[in-house]
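# just the structure for this:
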Amino acid sequence: MTDPNNITPDEMILERPFTSSRRRWKTLGVVIFVAIVIYVVWWFWLAETVREQINVWIDNNRMDGRDIQMARLDVDGFLGWLDIQAEDVQIVDTAAGWRLRVPGITATMAPWKIDEIDGNFTGPMNLAVAKGPALNTYIIETTSNTWAVDRDQGGRVRLDLEDVAVTSNDDKGVLKVANLKAFLIRGSVPIYGGLNLKVRDITLPALAQSPFGSNVKNIEAHLELIGGAPPGNLTAPELTQWANRGGTVEVRSLRIIHGTLGLDGDGTMALDGRLQPVCAFSARVTGYDAALNQLIQAGLVRSSDGNIAKMILGALGKVPAGGGPKQIDVPISVQDQRLSIGPIPLMRVPAILW
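Model (predicted):
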């Protein structure tokens with residue numbers, strides 16, 4: 001009979017094999033190997049799923065009347081971040097009357113964070129508009145651009161463009177934007193979507209300048225789409241359906257600095273029965289006297305109407321407590337293609353031809 005008190009160290013190891021250093025390393029190696037196999041299988045499955053989802057997206061757009069073609073689609077980046085590259089992407093919507101061509105789209109997605117995709121475009125991009133108020137072909141270039149899609153919570157899209165240049169084929173000059181940031185949020189009832197927009201230093205083309213000059217220093221806006229699901233395209237039939245469903249755009253905040261004119265306000269925008277904009281804003285305005293002079297000089301406001309408006313607004317304007325130019329809190333409205341400041345009908349707004 002073996003004496004339990006007379007056991008050699010080797011015999012103790014045999015009775016407790018898992019405490020062996022060799023066994024521990026072997027077990028750890030097996031765990032790591034299994035984890036690697038699972039990750040490799042997951043990576044290849046995810047890459048194939050990305051390809052399938054892109055094809056599903058293309059098929060869904062075709063059902064909606066938009067044809068999407070691309071010369072090449074690659075999903076690479078073996079075992080690391082998924083690198084998605086598409087070349088010569090063309091999107092055509094014949095019914096809506098536009099065509100977009102992008103030389104290349106590059107995107108990345110982490111296998112461990114599949115709801116987020118980051119990417120950029122390679123340009124220049126070509127946009128042809130055959131219907132609506134902006135008929136033309138445009139070349140869009142940027143020195144840098146990034147975009148991100150987050151599919152969580154209904155979907156969110158971020159866009160950041162630097163040094164944008166938009167050129168039309170009719171030689172009307174170049175529209176330049178120093179920086180544009182947009183954050184689009186997809187929602188549901190009652191808020192179908194939201195947009196946060198920041199645009200800095202816009203230089204207008206020489207043949208398309210406003211009466212307030214060629215530079216728009218700043219535009220900031222927070223918009224919400226409510227009352228009806230958004231139209232798929234900006235065509236007259238779809239806009240009519242959206243307006244009939246009670247669709248409106250709530251402007252939660254709007255700030256514009258354009259030449260001497262400054263505006264800070266909020267309000268509501270909608271479309272009337274002729275698909276013309278109807279707006280009601282409450283705004284704080286600075287530089288209104290110089291702005292009215294510029295509208296008179298441009299022939300957009302009659303001298304008599306402009307002078308009356310300057311007298312009334314001048315009497316209501318106040319210097320802010322901290323000093324600075326006079327400002328006035330006033331309602332601004334657009335109805336029946338007529339822009340009014342308070343009770344003063346000021347100027348006619350050109351019709352939009354959808």
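# can you tell me the SS state at the spatially closest residue to residue 306 that is not a sequence neighbour?
Setting aside the residues directly before and after it, residue 306 is nearest to residue 296 in space (CB to CB, 6 or more residues apart in numbering), at 4.3 Å. Yep, even glycine has a C-beta here, placed from its N, CA and C like the rest. Secondary structure state of residue 296, per DSSP: H, G, I helix; E, B strand; the rest coil, is helix.
# cool, and the one 3 residues further on?
In the three-state summary, residue 299 is assigned as coil, counting by three-state DSSP.
# and the lengthiest helix in the chain, what does it pack onto?
The residue-count maximum for a helix in the chain (DSSP state H) belongs to helix 21-63. Other elements packing on helix 21-63 under the criterion 3 or more CB pairs under 8 Å, 6 or more residues apart in numbering; DSSP states H and E are strand 66-76, strand 82-93.
# which SSE is the closest residue to residue 194 other than its chain neighbours in?
Leaving aside its sequence neighbours, residue 194 sits nearest to residue 185 (CB to CB, 6+ apart; 4.2 Å). Element membership for residue 185 (DSSP states H and E) is strand 174-188.
# packing partners for the helix or strand that that strand is followed by?
On the C-terminal side of strand 174-188, the closest following helix or strand by DSSP H and E is strand 191-203. Helices and strands touching strand 191-203, by 3+ CB pairs under 8 Å, 6+ apart, are strand 174-188, strand 215-226.
# wait, which of those is closest to residue 49?
Of all these, the one in closest proximity to residue 49, counting by CB to CB, is strand 174-188 (21.4 Å).
# and for that closest one, what's in contact with it?
Among residues not part of strand 174-188, those counted as contacts by CB atoms under 8 Å, 6 or more residues apart in numbering are 154-167, 192-205, 208, 225.
# now, of those residues, which are buried?
The neighbour-count test (16 or more other CB atoms under 10 Å) applied to those identifies 156-158, 160-161, 164-167, 192-194, 196-199, 202-205, 225 as buried.
# please report how far the residue nearest to residue 306 lies from residue 211.
From residue 296 over to residue 211 the distance is 9 Å, taken as CB to CB, to the nearest Å.
# who does the closest residue to residue 342 other than its chain neighbours bridge with?
Of all residues not flanking residue 342 in the chain, residue 330 sits nearest, at 5.1 Å (CB to CB, 6+ apart). Applying DSSP bridges to residue 330 yields these beta-bridge partners: residue 283.
# ok, residue 330 - how many residues close by?
With neighbours defined by other CB atoms under 10 Å, the count for residue 330 comes to 21.
# would you confirm that it contacts residue 313?
Yes - at 7.1 Å, residue 330 counts as touching residue 313 under the criterion of CB atoms under 8 Å.
# now do the shared contacts for the two.
Shared contacts of residue 330 and residue 313, defined by CB under 8 Å, 6+ apart, comprise 341-342.
# could you list the domains of this structure?
According to automatic domain parsing, the chain is divided into the following domains: 22-131, 172-354.
# next, the distance between the ends of the shortest one.
Taking CA to CA, to the nearest Å, domain 22-131 runs 75 Å from one end to the other.
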